[in-house]
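> here is my input; please provide its structure:
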Amino acid sequence: MSLILMTNLTMILSGSGASIVAKLMSEHVEIPNSDGEKVWSDFNHPVVMCFLMFAGESILLLVNWTGYLNPLSKVDHSVEHRQIHPCYLAIPASIDIAGSVLAFIGLFTLAASTYQIVKTSQLISVAILSMALLRRRYDVGQWASILIVLFGLFIVARTGTYESAESSNAVIGITCMLLGQVCHASQMIFEEYLLKDMVGQEPLYVIGWEGTWGLLFTTIIFGASKHY
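Modelled structure (predicted):
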């Protein structure tokens with residue numbers, strides 16, 4: 001039980017820390033203007049943020065190949081498992097790009113605290129999609145929890161809109177966040193379907209290949225954006 005508690009606590013702290021760091025990265029960047037003078041500006045480039053995120057994930061593929069962290073894995077290596085073909089992992093990577101770009105746009109226009117709370121809307125999207133695609137059923141207690149989260153999101157969205165200096169930007173940010181969480185929920189449902197069909201996968205292998213595909217796709221986006 002202590003291991004599960006520590007794992008959940010680590011996920012909460014790392015997720016919150018990542019949001020704060022990303023918010024700090026998007027503010028007060030010193031860049032040269034057309035006259036060559038350095039001025040302070042906001043760094044609102046969601047694709048660049050995605051590129052950095054996928055770069056970190058792709059490193060895990062190298063770690064997996066070295067086998068350095070294999071002793072910490074719960075995968076039974078004495079049993080032969082059918083490994084996921086890397087091309088399958090290009091699908092969740094592409095969905096992750098769409099969701100992450102929308103989420104970063106929301107982060108640029110919202111406070112980090114509001115961003116982190118609206119991010120919990122992924123729970124609602126996962127519940128709806130899992131019922132529709134995975135034929136999962138939830139009991140009364142689970143639906144009550146989902147409704148409480150939905151009510152909390154409504155309060156946060158209303159408060160964030162009224163308190164924002166530019167309410168139109170807050171509406172855009174919250175809308176992008178909600179759409180981004182639908183994309184991330186779709187990614188999670190696809191990954192669950194894939195991993196249940198092919199049990200015994202190495203987590204670092206899956207995350208590493210998703211990061212590699214994401215790195216490739218964002219690089220292509222960079223190249224294409226130079227022509228427009």
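> tell me, what residue is most central in the chain?
Centroid-nearest residue in the chain: S100, 5.4 Å away (criterion: Cα atoms, centre = their mean).
> and it, what does it touch?
If a contact means Cβ atoms under 8 Å, 6 or more residues apart in numbering, then S100 has 46, 49-50, 53, 180, 184 as its contacts. Every residue, glycine included, has its C-beta placed from N, CA and C.
> any idea which element it lies in?
helix 90-109 (DSSP states H and E).
> tell me the average confidence for that helix?
Averaged over helix 90-109, pLDDT sits at 91.
> please save the CA atoms from that helix in CSV.
Extracted in CSV, the C-alpha atoms of helix 90-109 (Å, rounded to 0.1, in the frame of the first residue of the first chain):
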residue,chain,number,x,y,z
ALA,A,90,2.6,6.4,-33.9
ILE,A,91,-1.2,6.6,-33.5
PRO,A,92,-1.2,7.6,-29.8
ALA,A,93,1.8,9.8,-30.4
SER,A,94,-0.1,11.8,-33.1
ILE,A,95,-3.1,12.1,-30.8
ASP,A,96,-0.8,13.2,-28.0
ILE,A,97,0.5,16.0,-30.2
ALA,A,98,-3.0,17.4,-30.8
GLY,A,99,-3.9,17.2,-27.1
SER,A,100,-0.6,18.6,-25.9
VAL,A,101,-0.7,21.6,-28.3
LEU,A,102,-4.2,22.4,-27.2
ALA,A,103,-3.3,22.0,-23.5
PHE,A,104,-0.2,24.3,-23.9
ILE,A,105,-2.4,26.9,-25.6
GLY,A,106,-4.7,26.7,-22.6
LEU,A,107,-1.7,27.0,-20.2
PHE,A,108,-0.5,30.1,-22.0
THR,A,109,-3.9,31.9,-21.4
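> any idea how far that helix is from the chain center?
7 Å (Cα atoms, centre = their mean, to the nearest Å).
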